[in-house]
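Undergrad: Pasting a predicted model and its sequence here:
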Amino acid sequence: MALELPDLVRTSVESAAGDVRLVQPVGGGDVSHAARVETSDGAVFVKWAEGEAGQTYAAEAEGLAALAEAAGPDLVVPTPLTTRAPDGDGPGVLVLPWIEGGHPTVLAWRRFGAALAALHRSDAPGVGYGWDADNWIGSKPQRNGWRTSWPTFFGEHRLRAQAETVRQRGAWDAAWDGLLDGLIRRLPELIPERPPRSLLHGDLWGGNAVPTADGRFALIDPAVSVGHREADLAMTELFGGFDGSFYEAYREAWPLEPGYGVRCEVYNLFHLTNHLTHGAGYRAPVERTLRRFGA
């Protein structure tokens, strides 16, 4: 089914990627409109939205650009072609190269695992742990800045900051406050003080790792920062969908330290907290983790 782009979206596409020939809607977005657009210079992916959703695109583009610079040839990261911030005249817009999807083989999963380890080993920007500016994880703000201590950054900028965000949206239980304080105090015992600095995708669930037609994987929709690589790996395990050969190849390329299972639970508390606004089913795992590590 063909689709008509709003005028300002069409102008953004044509300034970056050539004359528009055909527009086809793409599903999967919660808050943005999305389309595959055939242009005179090839196909592109376009999404647009008013208001806060449209304001996330600049940070998304920055994150994709950082990942693209660090990624090796076995990872696909779409380099942004153009962005537009929403204003009184129209929506925010993000234009990316089109990625042709495929069906992953065991070889593709292994290639992905080794490539993610290489990305995590690459030189990370900045000094310490964090990021230069706040960005977004899904539709929620992600608080950044820089800290020299990884437990301090993760405790204050991830766990506490995300609890405050969902509290403001009515999804945090005030009875958990003391447990959260206790867990944050214990973080220096649970996670390393200064792990190797890695550029993190930040929201690495199955929907943001796309198998491509040429046997690789593409990374999309990042929430980047610099931190402990295991935080990315933990997220891949939270909702499943990653083949065992992916983990085998990652560990062969860069083995994990003992105790990863405990750290995985701690790191995924951030994402479980983020999902409290998605439904009551996330309350039990959040409380279970808080009681295990914060009581």
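TA: Sure thing, it's come through.

Undergrad: Pretty sure Val210 sits in a strand.
TA: Yes - membership of Val210 in a strand is supported by DSSP: H, G, I helix; E, B strand; the rest coil.

Undergrad: for it, what are its contacts?
TA: Shown in contact with Val210 (CB atoms under 8 Å, 6 or more residues apart in numbering): Val76, Ile99, Gly101, Phe217, Ala218, Leu219, Ile220. In short, each C-beta sits where N, CA and C put it, glycine included.

Undergrad: Going through these, which ones are buried?
TA: By neighbour count, with 16 or more other CB atoms under 10 Å, those hold Val76, Ile99, Phe217, Ala218, Leu219, Ile220 as buried.

Undergrad: what's the burial count for Gly294?
TA: 20 (other CB atoms under 10 Å).

Undergrad: Can you give me the distance of it to Ala171?
TA: Distance, Gly294 to Ala171, by CB to CB, to the nearest Å: 18 Å.

Undergrad: circling back to that earlier point, nearest to Ala115, out of the contacts of Val210: which one, please.
TA: Phe217 (7.4 Å; CB to CB).

Undergrad: pLDDT score for that closest one?
TA: According to the predicted model, the pLDDT of Phe217 comes to 98.

Undergrad: hey, what's it bridged with?
TA: Under DSSP bridges, the beta-bridge partners of Phe217 are Leu75, Pro211.

Undergrad: Show the contacting residues for it.
TA: Going by CB under 8 Å, 6+ apart, Phe217 touches Leu75, Val76, Pro104, Ala108, Arg111, Phe112, Ala115, Ala209, Val210, Pro211.

Undergrad: Mind listing what's buried along the helix or strand of the chain with the lowest mean pLDDT?
TA: Among the helices and strands of the chain, helix 51-55 carries the lowest confidence by mean pLDDT, DSSP states H and E, at a mean of 91. Neighbour-count burial for helix 51-55, with 16+ other CB under 10 Å as criterion, is recorded at Ala53, Gly54.

Undergrad: Is Glu189 inside a helix or a strand, and which specific one?
TA: Here Glu189 sits within helix 177-190, counting by DSSP states H and E.

Undergrad: elements contacting whichever helix or strand comes after that helix?
TA: Once the chain leaves helix 177-190, the next helix or strand it forms, by DSSP H and E, is strand 198-200. Counting contacts by 3 or more CB pairs under 8 Å, 6 or more residues apart in numbering; DSSP states H and E, strand 198-200 packs against helix 57-70, helix 106-121, strand 225-227, helix 230-238.

Undergrad: List the buried residues of stretch 69-81.
TA: Across stretch 69-81, burial judged by 16+ other CB under 10 Å covers Ala70, Ala71, Asp74, Leu75, Val76, Val77, Pro78, Pro80, Leu81.

Undergrad: residues in contact with the second one?
TA: Shown in contact with Ala71 (CB under 8 Å, 6+ apart): Val77, Ala115, Leu119, Ser122, Leu219.

Undergrad: Tell me, how many residues neighbour the third one?
TA: Pointing back at Leu119 there. Residues near Leu119, counting by other CB under 10 Å, number 23.

Undergrad: I'd say Ile137 and His275 touch.
TA: No - assessed by CB atoms under 8 Å, Ile137 is found out of contact with His275, at 10.4 Å.

Undergrad: For the stretch 1-150 of the chain, give me the ranges with low pLDDT.
TA: 1-2, 28-30 (pLDDT under 70).

Undergrad: if you set the cut-off to 90 instead, what comes out?
TA: For the stretch 1-150 of the chain, applying pLDDT under 90 flags the ranges 1-4, 27-32, 51-52, 88-90, 139.

Undergrad: Show me which parts of whichever strand or helix holds Val9 are buried, residue by residue.
TA: In this structure, Val9 sits in helix 7-17 according to DSSP H and E. The neighbour-count check on helix 7-17 (16+ other CB under 10 Å) flags Leu8, Val9, Arg10, Ser12, Val13, Glu14, Ala16, Ala17 as buried.

Undergrad: Would you mind confirming that the last one makes contact with Arg36?
TA: No - under the criterion of CB under 8 Å, Ala17 makes no contact with Arg36, lying 11.8 Å away.

Undergrad: Mutual contacts of these two, please.
TA: Residues touching both Ala17 and Arg36 by CB under 8 Å, 6+ apart: Val44.

Undergrad: Quick one: low-confidence residue ranges for the stretch 151-295 of the chain.
TA: By pLDDT under 90, the stretch 151-295 of the chain contains no weakly predicted segment.

Undergrad: Having no further points to raise, I will conclude here.
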